[in-house]
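Visitor: Using only what follows, build the 3D model:
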Amino acid sequence: MKNLRMSYIVGGVRTPFVKSMGAFNNVERIELMIASLQELRKRYKLDKIILGDVALGAVMNSAGDWNLAREAVLRAGFHPHTPAYNIQRACGTGLEAMVQIANKIALGQMETGIAGGVDTNSDLPLELQQSLQKFFLGLPQAKTLVDKLKTVTSLRADSFKPRIPAVVEPQTGLSMGQHTELMVKTWGITREAQDRLAYESHQKAAKAKAAGFFDDLIVPVAGVKADGILRADTTIEKLAKLKPAFDKVNGSLTAGNSTALTDGASSVLLASEEALTRYGWKALARFVDAEAAAIDFVGGEGLLMAPTLAVSRLLERNQLKLQDFDFYEIHEAFAGQVLCTLKAWEDATYCRDVLGRAAPLGSIDPAKMNVNGSSLAVGHPFAATGGRIVATLAKLLHQKGKGRGLISICTAGGMGVAAILEA
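Guide: The predicted model follows:
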């Protein structure tokens with residue numbers, strides 16, 4: 001086997017992230033993915049290059065898009081010999097795709113690859129009730145009139161009601177927001193602290209937008225040129241007036257300090273050092289390492305606390321401290337989730353009992369966290385968030401010219417994915 005090589009991030013492109021049932025209401029899932037891929041193809045002149053592989057994902061995918069990645073690659077104009085496959089790890093899908101493509105390059109299996117993802121709640125895959133599904137599947141098998149009548153009479157009044165996907169944990173019956181409410185109560189996170197973090201996310205993103213940071217990261221789609229969730233004019237006072245969204249009586253999570261349902265897609269080009277030389281590309285950053293983890297949320301551990309474990313293991317393997325980073329990109333599924341994670345890393349008991357550490361990981365410099373805002377302000381199309389974060393962090397490291405960045409993404413199912421990039 002070949003020695004491990006470096007995997008480099010060449011660049012990333014995403015669509016604008018917009019609120020679901022809005023500007024992209026009539027844009028199909030695959031069309032968003034194609035738009036991101038096409039811009040990547042044009043920008044890096046990939047038309048005649050046979051890429052090693054393409055990993056794309058969607059959390060809310062449909063049976064009709066069972067081969068989403070390959071179809072998107074073909075329709076986006078890539079060389080037909082470029083393979084592609086679907087991947088899914090809930091909200092960590094985009095980052096997990098990046099890990100797999102980077103690892104294939106590092107192992108010498110290929111020189112170039114693309115990772116990304118798409119999600120749109122405006123194009124949700126509605127399903128049939130099981131009774132109606134059985135009816136349609138069983139009717140052709142019914143040979144006699146009596147058999148056909150039995151099949152028809154098996155239908156119930158609610159058989160025709162569509163099944164609408166929901167981000168609810170099958171093991172508990174609770175939504176992600178309800179689980180986060182439990183987390184913030186356990187960790188003593190206040191409503192004021194959550195609103196403050198949400199406000200800061202919008203302010204940072206607004207400042208980055210005004211400075212043109214996002215200009216080369218976004219490709220217009222359907223006449224939309226910029227993110228649609230960002231609110232530069234939001235204030236602490238406005239956020240404080242919003243009512244709880246998940247626990248109506250004693251809750252602290254609102255529409256303002258939780259991510260909105262979002263539509264969008266992202267993709268990132270990765271390459272080996274040999275490919276950089278061959279095609280004249282300049283790398284933005286190096287993909288160093290990654291880690292995935294899971295926790296027992298059914299047994300009482302916080303649903304979105306798995307990144308605490310993923311980061312701890314990643315740091316230990318790379319012999320780094322939590323403070324050894326110039327940038328921290330911590331996905332803001334909820335402001336409360338971010339604050340619980342930060343507090344856990346500072347807690348001696350948690351770090352000892354859960355992370356197996358003799359001392360707390362400690363705190364991070366708030367000025368280095370999500371410096372251009374994150375999901376609360378920009379939006380969170382589930383599988384597209386990883387690509388957005390990687391492209392953002394790679395650009396930040398490239399602009400700085402040196403340094404190291406840490407990525408932390410929580411996911412449904414009590415999992416988390418973390419990664420390290422270097423300039």
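Visitor: mind listing the helices in the stretch 1-150 of the chain by residue range?
Guide: 29-43, 68-75, 93-106, 130-138, 145-153 (DSSP state H, counting those that start in this stretch).
Visitor: and those, which is most packed in?
Guide: Ranked by mean neighbour count under mean count of other CB atoms under 10 Å, the helices of the stretch 1-150 of the chain are led by helix 93-106, which reaches a mean of 26. In short, each C-beta sits where N, CA and C put it, glycine included.
Visitor: what's the following helix or strand after the helix or strand of the chain with the lowest mean pLDDT?
Guide: Among the helices and strands of the chain, helix 145-153 carries the lowest confidence by mean pLDDT, DSSP states H and E, at a mean of 80. Next helix or strand after helix 145-153 toward the C-terminus (DSSP states H and E): helix 176-187.
Visitor: The helix or strand just after that following helix: how far from the chain's middle?
Guide: Note on helix 176-187: by DSSP H and E, the next helix or strand toward the C-terminus is helix 191-210. Centre-to-centre, helix 191-210 and its host chain are 19 Å apart (CA atoms, centre = their mean, to the nearest Å).
Visitor: Stretch 241-261 now?
Guide: So, by CA atoms, centre = their mean, the centroid of stretch 241-261 is 21 Å from its chain's centroid.
Visitor: repeat for stretch 284-293
Guide: 15 Å.
Visitor: try stretch 145-154
Guide: 46 Å.
Visitor: mind listing the strands for the stretch 201-350 of the chain?
Guide: Ranges of strands in the stretch 201-350 of the chain, per DSSP state E, counting those that start in this stretch, are 262-271, 285-294, 327-330.
Visitor: and of those, who's closest to Lys395?
Guide: strand 285-294 (8.3 Å; CB to CB).
Visitor: what angle do that closest one and helix 93-106 make?
Guide: Taking axes from the mean of the first three to the mean of the last three CA atoms, to 10 degrees, one finds that strand 285-294 is oriented at 120 degrees with respect to helix 93-106.
Visitor: got the contact list for Leu261?
Guide: By CB atoms under 8 Å, 6 or more residues apart in numbering, the residues touching Leu261 are Lys19, Ser20, Met21, Asn121.
Visitor: Over to Pro83?
Guide: Gly52, Asp53, Val54, Arg70.
Visitor: how far away is the closest residue to the first one other than its chain neighbours from Val378?
Guide: In this structure, Gly52 finds its nearest non-sequential neighbour in Met110, 2.4 Å apart by CB to CB, 6 or more residues apart in numbering. Between Met110 and Val378 the distance is 31 Å, computed by CB to CB, to the nearest Å.
Visitor: For those two, indicate the residue with more neighbours.
Guide: Taking neighbours as other CB atoms under 10 Å, Met110 and Val378 compare with Val378 leading, 32 against 18.
Visitor: pLDDT value on the more buried one, please?
Guide: Note for Val378: predicted pLDDT of 98.
Visitor: Which phi and psi values does the residue nearest to Gly52 adopt?
Guide: Phi and psi for Met110, reported as degrees, to the nearest 10, are phi -160, psi 170.
Visitor: can you pull the contacts of it?
Guide: Leu51, Gly52, Asp53, Lys104, Ser272.
Visitor: ok, those vs Gly117, which is closest?
Guide: Among the contacts of Met110, and counting by CB to CB, the member closest to Gly117 is Asp53, at 14.8 Å.
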